[in-house]
Structures are given as C-alpha cells and as structure tokens.
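# prediction below, plus the sequence it came from.
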Amino acid sequence: MDLYIVTGHTKGLGQALVAQLGAEKDIELIALGRAQDGPIPGGAQLFVDLAAPRAVETVCDRVDERLRGKRFAKAVLINNAGMISPVGMIDRVDAAELELNLAVNFTAPILLMRRFLIATATTAKVRRVINISSGAGRRPIFGWGAYCAAKAAIDMVSRVAALEAQTARTGVQVVSLAPGVIDTPMQGVVRSASPEEFVDVERFRQMKAAGELRPPADVAADILRHERSGKLFAEPVADLRTLGA
Ligand SMILES: NC(=O)c1ccc[n+]([C@@H]2O[C@H](COP(=O)([O-])OP(=O)(O)OC[C@H]3O[C@@H](n4cnc5c(N)ncnc54)[C@H](OP(=O)(O)O)[C@@H]3O)[C@@H](O)[C@H]2O)c1
C-alpha cells in the first residue's frame, strides 16, 4: 500500500492528481483543502485553510491519527495548493493579501513537509516530497512579487531538504517542480489582471487563445509517471518541461 497526501484538490492540477490517484488500487489517499471532511475515492478529504499555520498543524494531527498503526511501502506528499493573488506592484497591493500569499505558497508547504517527514520516518520505506513550484520562482515577473518570492523560497527549502536527506542518509527524495503553464482557474486569475497590475497579461491571454495551456490531467499524469520512475528526483529543482517522456 502506498500513501499519497495531496493539497489543494478542489480545482486545477490538484483535482486532476487526486482524480487519477483515486482511480488506482492499493493507495491510501489523503486530500487536504477547503472542502468538507468526507470520503473520496481512495481515501478521505480533510478540510484545512492552508493560510492559517495553526490550522495546518491541526490537520497534520488529524492525518497522524489516520495513519496510526499503518505501514506503507511508499509515502508521497504533493504540496500542490497555491495562489497567485495579489497581482500588482509591491507598493500597490494590500499588505494582508501579501501575507496570505506567503502563508499559502510557502509557510504551509514547509510545515506540511516537516510533519510528513516526522510522521513517515518509521512507517514508510520510500518517502518522497513533491513541492509544486513555478518558473516564476526562477525569474522576476512584474506584479507577481509574493508569488515569485514564495516559489523561490520553496525551491531553496527543497534544496536544503534534499541536502539534509543526502547527508543524513535518510533516503528521503525531494523535488521542487515547475509544472509549466496549465489550463486551470489560476490562469483565469492571471488573465483577469489589468496591464497596470501585470504588464505581461496580453501574452498570457494570447497563450490561452492559441491553446498553448496544457490540460491539468496531462500534467498530473506526467508528474505521477515521473514520480513512479524516480526520474522526478534526479535534481532537487526541476522543470516538468525539460524532463522528457
Ligand atoms: N496553472 C499554471 O499555469 C501553473 C504554473 C506554474 C505553477 N503552478 C502551480 O501549480 C499548483 C496548482 O495550481 P493550479 O493552477 O491548479 O491553481 P488553482 O486552479 O488556482 O488551484 C489551486 C488549489 O489550491 C487551493 N488553495 C488555495 N488557497 C488555499 C487555502 N488557503 N487553503 C486550502 N487550499 C487552498 C485551491 O483551493 P480553493 O478551491 O479552496 O481555492 C485549489 O484547490 C500551484 O502551486 C501553482 O502555483 C501553476
């Protein structure tokens, strides 16, 4: 039996990941997001607002309860949840929104990674963490200050976690993965910005019109295939577009 924990499964890439994992056999699936507690194919969804660090710790306690006494051949955490807002120059966006963005895109994933590593230390033979990052963490983008900064931070903490795993010989595998441009509600938020808030908005509108955004199901299938082959973990910072078939 393999364990998969996926955040942000109510739409977009996370929804596609959970749909594909839920259709498989011998998987215990735990989806964490803003959806009412209840069963889902393959496991359960637990409500959590990832913007609240205390709520993240509480839901991790609940995950620990569910996992008590169980052992897994493999345990995988996919830190997928994310948000792009606020979009706009740093001095023109709301301070509270900046904090919210950093909490969801950075604080929650690092706290979840910490608790996942503690929870699975003696209960899973293979342990893997996939932090969904972005090309935006690797170059500056006008109007995306918090998002770029949080994704850059996720890249760095993934490098640290991979280094720690290698040095301490824990066998844990970690990757911070840029998934490419995906046709999800997040891209709708991107396209709805004004050129004053986001100077590249027209390029993103044209990419959508030209059908250049990948379907979330295709991206999810690629991620899961590369996770299983182990190819995803060759480097701690990776880009799905350059991993090949
Ligand atoms: N789409 C792209 O082109 C693209 C490109 C590069 C990287 N990415 C990354 O890929 C990942 C998935 O993005 P997506 O495009 O699928 O985004 P999306 O369509 O906006 O979906 C984001 C998911 O995160 C959840 N989430 C956001 N804030 C939350 C909170 N406070 N508490 C709990 N859940 C929360 C959302 O839940 P709610 O329904 O409750 O809001 C939703 O399930 C993100 O990390 C994103 O940065 C996306």
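Received it, and whenever you're ready, just let me know what you need. Numbering: from 1, shown residues only.

# count of neighbours near the residue of the chain found nearest the ligand?
Residue nearest to the ligand within the chain: Gly12 (2.1 Å; C-beta to the nearest ligand atom). Every residue, glycine included, has its C-beta placed from N, CA and C. If you count neighbours by other C-beta atoms under 10 Å, Gly12 ends up with 22.

# try Leu77
The tally of other residues near Leu77 (other C-beta under 10 Å) stands at 27.

# my guess is it is in a helix, correct?
No - going by DSSP: H, G, I helix; E, B strand; the rest coil, the assignment for Leu77 is strand, not a helix.

# skipping its backbone neighbours, what lies nearest the residue of the chain closest to the ligand in space?
Thr184 (3.4 Å; C-beta to C-beta, 6 or more residues apart in numbering).

# show me what contacts that neighbour?
Lys11, Gly12, Leu13, Pro216 (C-beta atoms under 8 Å, 6 or more residues apart in numbering).

# where in this structure is pLDDT low?
The model of the chain has no residue with pLDDT under 70.

# what does this protein put close to the ligand?
Selection of the chain residues close to the ligand by C-beta under 6 Å from any ligand atom yields 8-14, 33-34, 49-51, 80-83, 104, 132, 134, 179, 181-182, 184-187.

# buried subset of these, written for ChimeraX?
Restricted to buried positions by 16 or more other C-beta atoms under 10 Å, the ChimeraX selection for the residues of the chain next to the ligand reads:
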select :8,9,12,13,14,33,50,51,80,81,82,83,104,132,134,179,181,182,184,186,187
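
# of the residues of the chain next to the ligand, which belong to strands?
Gly33, Ile132 (DSSP state E).

# looking at the residues of the chain next to the ligand, which are in helices?
Applying DSSP state H to the residues of the chain next to the ligand, the entries found in helices are Gly12, Leu13, Gly14, Pro185, Met186, Gln187.

# correct me, but the fourth one touches Gly14?
No - the pair formed by Pro185 and Gly14 falls short of the contact definition of C-beta atoms under 8 Å, at 10.9 Å.
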